[in-house]
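Chemist: kindly return the folded structure for what I paste below:
(one chain, ligands or ions: 1)
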Amino acid sequence: MEFTKTPGWLDWYAGPSQPRFKLPAGAVDAHCHVFGPGAQFPFAPERKYTPCDASQAQLFALRDQLGFARNVIVQATCHGADNSALIDALQHADGRARGVATVRRTVSDAELQAMHEAGVRGVRFNFVKRLVDFTPKDELLEIAGRVAKLGWHVVIYFEAVDLPELWDFFTAIPTTVVVDHMGRPDVTQPVDGPEFALFLRFMREHPNVWSKLSCPERLSVSGPPALQGEQAAYRDVVPFARRVMEEFPDRVLWGTDWPHPNLKDHMPDDGLLVDFIPHIAPTAEQQHQLLVDNPLRLYWPELS
Ligand SMILES: O=C(O)/C=C(\CC(=O)C(=O)O)C(=O)O
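Modeler: As a prediction, the model looks like this:
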């Protein structure tokens, strides 16, 4: 099938620079996607955007170039609940990738088991309104209860302004819960302001809640972008990520978010995104927790 990209789509950055920051051995890129290729794995009819292709081979080449040992591949909404591209990537990763899928309540136990064998360890519930149609909460809780039996966790993606309304639902999820991109704070507000305080309270009061300190390129308002050798990118996001790193060092993850769907302003150089890590995790101990210990505990417990 032939697909036409969403108008204005920014393709991923070809030829990223070699990071100056040397990732610790065994580092995990815990948030990235594969898109298609559309000709082989068609995008879902209900999708809200049509991306460029971003294949498993291209993802694994980036992994090797940047110095990551492993990937956690997250199902993106452009593939709906058809996890074929994700599963195929997991099956070709030589055990070096785990996955987070999207499922509906109609998924069978046998299908869940097959996904587990391929390396899926979680499901994603997306509440970002521009990306998905509403799924009833009782359906999501039913799915959470089923995947809990497999030892999986739930990844949640939402905008900070929606946290109050979603609080009761999120705190009813019976598994480990991993928040994408720190719950998308508005970084023009103070890090000590009420909005981010609520997010920190969410993590503090619920020890099953983890957070990805990812996507400065999506959250930043004042930049500067990770382009042209910039070693001090996305300054406005740093205090937010550092706060979470410092308070919850054993419940944080980091990922590139390659191939960076739906960016409007610029496409970051992924090598420079890796150079962002020491700004939010300044010590070697924090870097090891963020990039190795925590993701292994969640996705490769047999190795940790
Ligand atoms: O890559 C991300 O994490 C964020 C996305 C895309 C997405 O989540 C999806 O399509 O499922 C976004 O904010 O557009």
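Chemist: from here on, contacts and neighbour counts on C-alpha atoms
Modeler: OK.
Chemist: just the element for E285, please.
Modeler: helix 284-288 (DSSP states H and E).
Chemist: doesn't G122 belong to a strand?
Modeler: Yes: note on G122: a strand contains this position according to DSSP: H, G, I helix; E, B strand; the rest coil.
Chemist: what's across from it in the sheet?
Modeler: Per DSSP bridges, the residues bridged to G122 are V100, H153.
Chemist: so what's it up against?
Modeler: By C-alpha atoms under 8 Å, 6 or more residues apart in numbering, the contact set of G122 is 99-101, 147, 152-155.
Chemist: now whichever residue of the stretch 201-304 of the chain sits closest to the ligand: how far from P51?
Modeler: At 4.8 Å from the ligand, N262 is the closest residue in the stretch 201-304 of the chain, using C-alpha to the nearest ligand atom. N262 sits 8 Å away from P51, going by C-alpha to C-alpha, to the nearest Å.
Chemist: who touches both of these two?
Modeler: Residues touching both N262 and P51 (C-alpha under 8 Å, 6+ apart): W9.
Chemist: quick one, which of the two is more surrounded?
Modeler: P51 (25 against 17; other C-alpha atoms under 10 Å).
Chemist: re the thing from before, pLDDT score for the residue of the stretch 201-304 of the chain closest to the ligand?
Modeler: What the model reports as pLDDT for N262 is 98.
Chemist: check M1 too.
Modeler: So M1 comes in at 75 (pLDDT).
Chemist: roughly how far apart are it and N262?
Modeler: Separation of M1 from N262 (C-alpha to C-alpha) stands at 22 Å.
Chemist: also D250?
Modeler: Per C-alpha to C-alpha, D250 is found 30 Å from N262.
Chemist: what parts of the stretch 51-200 of the chain come near the ligand?
Modeler: 76-78 (C-alpha under 6 Å from any ligand atom).
Chemist: thinking again about what came up before, list the contacts of the following helix or strand past the helix holding E285.
Modeler: Sequence-wise, the next helix or strand downstream of helix 284-288 (DSSP H and E) is helix 294-299. Residues from elsewhere that reach helix 294-299 (C-alpha under 8 Å, 6+ apart): 28, 30, 72, 98, 121, 250-253, 303-304.
Chemist: go with 6 Å
Modeler: For helix 294-299, contacts defined as C-alpha atoms under 6 Å, 6 or more residues apart in numbering pick out S304.
Chemist: hmm, back to that, in the contacts of G122, find the pair that's most separated.
Modeler: The span of the contacts of G122, defined through C-alpha to C-alpha, is set by G99 and V147 at 13.4 Å.
Chemist: so those two - more neighbours on which side?
Modeler: In this view G99 and V147 are compared by other C-alpha under 10 Å, and G99 has more residues nearby, 27 against 22.
Chemist: ok, now which ones touch the closest residue to the more buried one other than its chain neighbours?
Modeler: With C-alpha to C-alpha, 6 or more residues apart in numbering as the criterion, G99 has its nearest non-adjacent residue at 4.2 Å, and that residue is V120. By C-alpha under 6 Å, 6+ apart, the residues touching V120 are 98-100.
Chemist: pretty sure M115 sits in a helix.
Modeler: Yes: judged by three-state DSSP, M115 forms part of a helix.
Chemist: need the per-residue pLDDT for the nearest residue to it once chain neighbours are set aside.
Modeler: In this structure, M115 finds its nearest non-sequential neighbour in I87, 7.1 Å apart by C-alpha to C-alpha, 6+ apart. For I87, the pLDDT comes out at 98.
Chemist: contacts for the strand or helix carrying I87?
Modeler: According to DSSP H and E, I87 maps onto helix 84-91. Under the contact criterion C-alpha under 6 Å, 6+ apart, helix 84-91 has outside partners 41, 56, 97, 118.
Chemist: follow-up on the earlier one: how many neighbours does the residue nearest to M115 have?
Modeler: Residues lying near I87 (other C-alpha under 10 Å) number 25.
Chemist: hmm, P19 is touching D269, no?
Modeler: No: counting by C-alpha atoms under 6 Å, D269 is not a contact partner of P19; they are 9.7 Å apart.
Chemist: report the separation between the residue nearest to G99 and C215.
Modeler: Noted for V120: a distance of 22 Å to C215, by C-alpha to C-alpha.
Chemist: let me know the pLDDT of whichever residue of the stretch 51-200 of the chain sits closest to the ligand.
Modeler: Residue nearest to the ligand within the stretch 51-200 of the chain: A76 (3.3 Å; C-alpha to the nearest ligand atom). As predicted, A76 sits at a pLDDT of 97.
Chemist: got a list of what it touches?
Modeler: Per C-alpha under 6 Å, 6+ apart, neighbours of A76: none.
Chemist: only C-alpha atoms, please: export whichever strand or helix holds E165 in CSV.
Modeler: Here E165 sits within helix 163-170, counting by DSSP H and E. Below are the C-alpha coordinates for helix 163-170, written out as CSV (Å, rounded to 0.1, in the frame of the first residue of the first chain):
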residue,chain,number,x,y,z
LEU,A,163,-3.7,14.6,35.3
PRO,A,164,-6.3,15.8,37.9
GLU,A,165,-9.1,14.3,35.8
LEU,A,166,-7.2,11.0,35.2
TRP,A,167,-5.8,10.7,38.7
ASP,A,168,-8.4,8.2,40.1
PHE,A,169,-8.1,6.0,37.0
PHE,A,170,-4.3,6.0,37.0
